[in-house]
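Student: sequence unknown, structure follows:
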């Protein structure tokens with residue numbers, strides 16, 4: 001069985017990456033605008049996890065380009 005992604009899977013991966021980047025940008029921007037400490041904490045967590053997810057998605061795409 002092949003380890004390569006099909007075209008529709010690569011397109012889905014790009015779509016998810018675009019969405020994650022948008023969410024990351026929004027959370028990072030909103031973090032500076034909110035006054036509630038609890039909400040700031042949630043946004044900080046979202047930003048750090050979002051960065052990790054974006055890195056993982058980029059790694060998948062890089063692996064696909066090499067294959």
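Tutor: Perfect, thanks for sending it. Keep in mind the model is a prediction, meaning the values are calculated, not measured.
Student: ok, so what distance separates residue 25 from residue 18?
Tutor: 11 Å (CB to CB, to the nearest Å). C-betas here are computed from N, CA, C, even on glycine.
Student: my bad, residue 51
Tutor: Going from residue 51 to residue 18 by CB to CB gives 15 Å.
Student: can you map out the helices along the chain?
Tutor: Using DSSP state H, the helices of the chain run over 7-31, 37-66.
Student: Low-confidence ranges, the chain, go.
Tutor: For the chain, the stretches flagged by pLDDT under 70 are 1-2, 67.
Student: With mean neighbour count as new columns, can the helices of the chain be given to me in a markdown table?
Tutor: Output for the helices of the chain, formatted as a markdown table (neighbours: other CB atoms under 10 Å):
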| stretch | mean neighbour count |
| --- | --- |
| helix 7-31 | 13 |
| helix 37-66 | 13 |
